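*Asks:* okay, sequence plus prediction incoming.
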Number of protein chains: 2
Amino acid sequence: MQEVRVFAPATVANVAVGFDILGFAINRPGDEIVARFNPDHPGLVITAITGTGDKVLPYAVEENTAGVAAQRLLEHLGQTELGIDLEIHKRMPFGSGLGSSAASAAGAVVAVNELLGAPLSRESLLYFAVLGEEVADGSFHADNVAPCLVGGITLIRSNDSLDIHHLPVPGNLQVAVVHPDIEILTRDARAVLSDQVSLKTAILQMGSLASFITALYTNDLPLLGRSLHDYIVEPQRKQLIKGFDEVKQVALQRGALGCSISGAGPSVFALCDSGYLAQAAGQAMQEAFARHGVSSQLYVSPINQEGVVIL
Amino acid sequence: MQEVRVFAPATVANVAVGFDILGFAINRPGDEIVARFNPDHPGLVITAITGTGDKVLPYAVEENTAGVAAQRLLEHLGQTELGIDLEIHKRMPFGSGLGSSAASAAGAVVAVNELLGAPLSRESLLYFAVLGEEVADGSFHADNVAPCLVGGITLIRSNDSLDIHHLPVPGNLQVAVVHPDIEILTRDARAVLSDQVSLKTAILQMGSLASFITALYTNDLPLLGRSLHDYIVEPQRKQLIKGFDEVKQVALQRGALGCSISGAGPSVFALCDSGYLAQAAGQAMQEAFARHGVSSQLYVSPINQEGVVIL
């Protein structure tokens, strides 16, 4: 094979109850990554970056999430002398809270691995993708990369040891994700967080988290709804998202099981038990943002079960 | 029926990963509670309290956990004029971290309910038993009362709303509980806890909790072992338990999946994947306490699936 093209989906991390340890993939938006053999030069070269609008992403391999992820993989495989061109086609905004950098990193390792005849399993690729994402995010964590790479709802027991588990997805679960045209950098979103939590709040959050996991295993959507509360992060971060309280309120009024911030924001997700409800909730959320003068994009999707796909 | 005698089992709350939200029942020790019609007086009277050693438990109904639990139930049923004698036979020490007061409260409501022809379901009795336990403990929480009443491993999403869930029990799971002859009052055990947790610690704890729940649903005992870590409470409370570090170390050396403090302590539990291992781990834990000059009692049991039983 001379060229591999992949699609790497957007992801919703944190999922209200699992800060830094839960994430799921959605069907759209996502990035396209192309890896191609090029005998004219040795080593990995980023030859194209498109879809970045007025933003600039670095072409230097060691400064680019996709570049770093692919390069660490090539080092592991002892293939750094191979001439490989990498193209990054961004199909989603940066700083959206939808795992943009994770998608590029996960897409790059799958594309390069496939180009080399797939020497590593999907699971084995995770480590290199997380190293790539670390360049953008400044911390080693897999809550976007893992669901992007393998799909589904993923739980991370420990980011240090990448102890990842696939959680079951209730049949009708659908997501409305609304991305308002507000930019929040992950680093900034982390800066607003207190480094302390009250024990009382931690207990509330743990009860909700444990019940959310239980709800997934027992297909108990009412329990899932009662569990989807973020007591720790949302109260601190929502100030960064104009109109958030009203957006959440209309989502719940339209019957969403729960609604919270996607990753570091500003995107807001609502989990619903049908596609009809997700569409209706999503449109109401867009209208609420519009009342605050904020334009937005809506994505309605089931939980994506495939992760990165080869096109 | 003129008399009902019940057995109410000891319970292990917190279970390392779920402070205030998880608990399970064991087969022994436990309390025996007797409820008996007495036409010679109206109202509820505590007529016997045995097994308290050199401690004294109040006979006044409104000061006694079993008395309050039974009285609240009788008020709910409009039966406060019925003459009922209540006997409380303690078969486990107070302040052991094994849910002694919860057992008396849960036993009392089951005994009185049964005496009256079982007008309420087991689930409906929980609220009254928690009100009883509140007398001893000073807070409204069900992490001992719920597993004592209904058995198994129980999760409490919210203590305020008593949103209780039964978690699956992996087939071979066995518990060694060692009760050292040290007394810790629940109120004192709470006093040593900081009211703040670092966000980083909370994330570690949440990853462990979510993985523990996942391990129960997937029958994944290695994951259960990797998950059984208490990052929040054990580091603060273990100072109250002489020899704790060594006791835990020998339990893990003997192959226990995990080991931590039962409830508010001083009892220490170890979860194991066979009765042989639990017995061996428990004896090693007793020997470790003995090396610190602390005598102890050992209880080895599967997870009790029945809760309070009518004798």
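*Replies:* In hand now; what should we look at? The structure presented is a predicted model; accordingly, all values stated were derived computationally and were not measured.
*Asks:* quick one, what contacts residue A:5?
*Replies:* Contacts for residue A:5 (CB atoms under 8 Å, 6 or more residues apart in numbering or on different chains) come out as A:32, A:33, A:34, A:111, A:310, A:311. Backbone N, C-alpha and C define where each C-beta goes, glycine included.
*Asks:* quickly list what it is bridged to.
*Replies:* residue A:34 (DSSP bridges).
*Asks:* so residue A:123 makes contact with residue A:150?
*Replies:* Yes - contact criterion CB atoms under 8 Å: residue A:123 and residue A:150 qualify, at 7.3 Å.
*Asks:* residues near residue A:195, how many?
*Replies:* 9 (other CB atoms under 10 Å in any protein chain shown).
*Asks:* quick check: it vs chain B, distance?
*Replies:* Residue A:195 sits 5 Å away from chain B, going by CB to the nearest CB, to the nearest Å.
*Asks:* so that residue is in contact with residue B:202, correct?
*Replies:* No - counting by CB under 8 Å, residue A:195 stays clear of residue B:202, with 10.1 Å between them.
*Asks:* residue A:123 and residue A:150 - which one has more neighbours?
*Replies:* Each of residue A:123 and residue A:150 has its neighbours counted (other CB under 10 Å); residue A:150 has more, 20 against 12.
*Asks:* so who does that one touch?
*Replies:* Counting by CB under 8 Å, 6+ apart, residue A:150 has contacts A:122, A:123, A:126, A:164, A:166, A:307.
*Asks:* ok, the residue sitting furthest away from the middle of chain A - contacts?
*Replies:* Distance from the C-alpha centroid of chain A, by CA atoms, centre = their mean, peaks at residue A:40 (35.1 Å). By CB under 8 Å, 6+ apart, the residues touching residue A:40 are residue A:83.
*Asks:* I'd like to know how far it sits from chain B.
*Replies:* Counting by CB to the nearest CB, the separation of residue A:40 from chain B is 46 Å.
*Asks:* let's see the pLDDT reported for that residue.
*Replies:* pLDDT for residue A:40: 93.
*Asks:* surely residue A:32 is within a strand?
*Replies:* Yes - using DSSP: H, G, I helix; E, B strand; the rest coil, the secondary structure at residue A:32 is a strand.
*Asks:* let me see the contact set for the residue nearest to it when sequence neighbours are not counted.
*Replies:* Nearest residue to residue A:32 in three dimensions, chain neighbours excluded: residue A:89, at 4.1 Å (CB to CB, 6 or more residues apart in numbering or on different chains). Residues near residue A:89 by CB under 8 Å, 6+ apart: A:31, A:32, A:33, A:34, A:48, A:49, A:50, A:51.
*Asks:* who wins on neighbours among those residues?
*Replies:* residue A:33 (30 neighbours).
*Asks:* that residue contacts residue A:46, correct?
*Replies:* No - in this structure, residue A:33 is not within contact of residue A:46 by CB under 8 Å, at 10.4 Å.
*Asks:* mutual contacts of those two, please.
*Replies:* With CB under 8 Å, 6+ apart, residue A:33 and residue A:46 have common neighbours A:66, A:86, A:87, A:88.
*Asks:* mind telling me what element the second one is part of?
*Replies:* Of the helices and strands defined by DSSP states H and E, residue A:86 is found in strand A:84-89.
*Asks:* same question, the first one
*Replies:* With the criterion set as DSSP H and E, the secondary-structure element containing residue A:66 is helix A:65-76.
*Asks:* so what touches that helix?
*Replies:* A:33, A:35, A:44, A:46, A:58, A:60-62, A:80, A:82, A:84, A:86, A:88, A:101-102, A:104-109, A:111-113, A:120, A:125, A:128-129, A:131-136.
*Asks:* what angle do it and strand A:84-89 make?
*Replies:* Angle of helix A:65-76 versus strand A:84-89, following axes from the mean of the first three to the mean of the last three CA atoms, to 10 degrees, is 150 degrees.
*Asks:* now do the helices in chain A.
*Replies:* Under the criterion DSSP state H, helices of chain A are mapped to A:65-76, A:100-115, A:122-137, A:145-150, A:186-191, A:199-218, A:221-227, A:234-237, A:244-253, A:275-291.
*Asks:* give me the neighbour count for residue A:161.
*Replies:* 9.
*Asks:* I meant residue A:274, not that one.
*Replies:* For residue A:274, the neighbour count with other CB under 10 Å is 12.
*Asks:* show me the contacts for the spatially closest residue to it that is not a sequence neighbour.
*Replies:* In this structure, residue A:274 finds its nearest non-sequential neighbour in residue A:172, 5.6 Å apart by CB to CB, 6+ apart. Counting by CB under 8 Å, 6+ apart, residue A:172 touches A:221, A:273, A:274.
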